[in-house]
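Please find the sequence and the predicted model below.
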Amino acid sequence: MGTLLHLQAPPLQLHLRTLRCGLLGEANRTPSFPPWGFPRHGRSRRPVRVFVASATETTEEETLKKGIAEFYDESSAVWEGVWGEHMHHGFYDTDAAVTIDDHRAAQIRMIEEALRFAGVSDAPLKKPKEVLDVGCGIGGSSRYIAKKYGAYCRGITLSPVQAQRAQALAAAEGLADKGKVNLALITHKPYGHEQVNFQVADALDQPFSDGQFDLVWSMESGEHMPDKMKFVSEMARVAAPGAAIIIVTWCHRDLLDSEEGLLPEETNLLNKICNAYYLPPWCSAAEYVKIAKRLSLEEIRTADWSDNVAPFWPAVIQSAFTWQGLTSLLRSGWKSIKGALVMPLMIEGYNKKLIKFAIITCRKPA
Ligand SMILES: C[S@@+](CC[C@H](N)C(=O)[O-])C[C@H]1O[C@@H](n2cnc3c(N)ncnc32)[C@H](O)[C@@H]1O
């Protein structure tokens, strides 16, 4: 049990409402505080609410993890069938007309834009050699980055189906051995010679040693993390000195100075999305920046790419109404159907400037 600080004013009215989204996670759940400094008592202009983590909370976290794993176990094949190996938004020019063929290219562009924004170098002596993909889906980013830089890449997901599929796709490309995926939540370092390897593991309790990776990447997994401080601090822990950390994630809008939290109708909208996509309470990009500062991370940068992703959800909805989309959705099960039904709410959230598509990058001190 421990104490946690919770800076986001309105906890969502979900069964998950007490999950951690604040700047400091439970002290005793953080295995080792980063040696480069972890100020535990920072100042905040907003009132800080204190929750005591309970056994119920732990159970709720476990329930959330189980829901996430089952959601992706069930829906990943549907997504892959229609959209391919990348389970994330595309990046588009804000004024461009987009055809259906442009979307896969836009997803690759998203990866390239994120690497560029973070200043990841292509130079032979500076390019990343060991990369971690946190919340890897079926491994699209891992394989792309491994091939781009000739890097070793490890991917973690909660979904056994995703880990197996990611490994099979890597094996088909000659990047991995078939069937070497770890399906249990494990706490040891499992990989050997493979260039790319995937395993089932929890981002909040990673099975990697300190300082192992020179690029730590999270593409659209942060929104699933119930403890944002733990999420970022685990990424920072496994990052090598000087390594880049890249988080591309769904956030809610930054709060105004005069605001304690989101408006009730905003919270209501996010609740519906949370229920369908197995998300804990959201936070803002500004909160991620505060977390990175608290962890003494350097070169912290953030951008709002909401306008650059605007064509994405309309295209996803359009694809769900094709014969292939509809039949595979119906075959896959209720969790996927529920996910499809709330897609219009994502568009509504963006249109209301409530949902922000954010990138946050930083570097571990050298
Ligand atoms: C929307 S998918 C993104 C997949 C991938 N990054 C991509 O862009 O194709 C979200 C991923 O986050 C993973 N995830 C969510 N919570 C996690 C956790 N606590 N630990 C590890 N992975 C997690 C899910 O299993 C899923 O693979």
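That came through, no problem. Numbers count the residues shown, from 1 in each chain.

ranges for the helices of the protein?
With DSSP state H, the ranges of helices along the chain come out as 55-83, 102-117, 140-149, 160-172, 228-238, 264-277, 285-294, 312-320, 323-332, 334-341, 343-351.

For L125, which of those is the nearest?
With CB to CB as the measure, helix 140-149 is the member of these nearest L125 (11.9 Å). No exception for glycine: its C-beta is placed from N, CA and C like everyone else's.

can you list the weak-confidence ranges in the stretch 1-150 of the chain?
Counting by pLDDT under 70, the stretch 1-150 of the chain contains low-confidence ranges at 1-54, 57, 100-101.

Which positions in it make contact with the ligand?
For the stretch 1-150 of the chain, the residues found near the ligand under the criterion CB under 6 Å from any ligand atom are I68, Y72, H86, M87, H88, G135, C136, G137, G140, S141.

top of those residues by neighbour count?
Ranked by neighbour count under the definition other CB atoms under 10 Å, these are headed by S141 with 32 neighbours.

what would the residues of the stretch 1-150 of the chain next to the ligand look like in CSV with distance to A286?
Formatted as CSV, the entries for those read as follows, by distance: CB to CB, whole Å:
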residue, distance to A286
I68, 25
Y72, 29
H86, 27
M87, 26
H88, 22
G135, 22
C136, 27
G137, 27
G140, 29
S141, 25
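
show me the contacts for M225.
Listed by CB atoms under 8 Å, 6 or more residues apart in numbering, the contact set of M225 reads A203, L204, F231, P280.

dump the residue contacts of the nearest residue to L158 once chain neighbours are set aside.
Excluding its sequence neighbours, the residue lying closest to L158 (CB to CB, 6 or more residues apart in numbering) is A69, at 4.2 Å. Taking CB under 8 Å, 6+ apart as the criterion, A69 is in contact with L158, S159, P160, V200.

By neighbour count, which of those residues wins?
Counting neighbours by other CB under 10 Å, L158 leads those with 25 neighbours.

most tightly surrounded among the helices of the chain?
Looking across the helices of the chain with neighbours counted as mean count of other CB atoms under 10 Å, the highest average goes to helix 228-238: a mean of 25.

For that helix, give the mean pLDDT please.
Averaging pLDDT along helix 228-238 gives 98.

how far is that helix from where the chain is centred?
On the basis of CA atoms, centre = their mean, to the nearest Å, helix 228-238 is displaced by 12 Å from the centre of the chain it belongs to.

now for it, which elements pack on it?
Identification of packing neighbours for helix 228-238 by 3 or more CB pairs under 8 Å, 6 or more residues apart in numbering; DSSP states H and E yields strand 130-134, strand 213-219, strand 239-252, helix 285-294.

Send over it as CSV, restricted to the C-alpha atoms.
The C-alpha trace of helix 228-238 is given here as CSV (Å, rounded to 0.1, in the frame of the first residue of the first chain):
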residue,chain,number,x,y,z
LYS,A,228,1.4,7.6,-16.0
MET,A,229,4.3,8.3,-13.6
LYS,A,230,5.1,4.6,-13.4
PHE,A,231,4.8,4.3,-17.2
VAL,A,232,7.3,7.1,-17.9
SER,A,233,9.6,6.2,-15.1
GLU,A,234,9.8,2.5,-16.3
MET,A,235,10.6,3.9,-19.8
ALA,A,236,13.3,6.1,-18.3
ARG,A,237,14.7,3.3,-16.1
VAL,A,238,15.3,1.0,-19.1
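
No further queries at this time; thank you.
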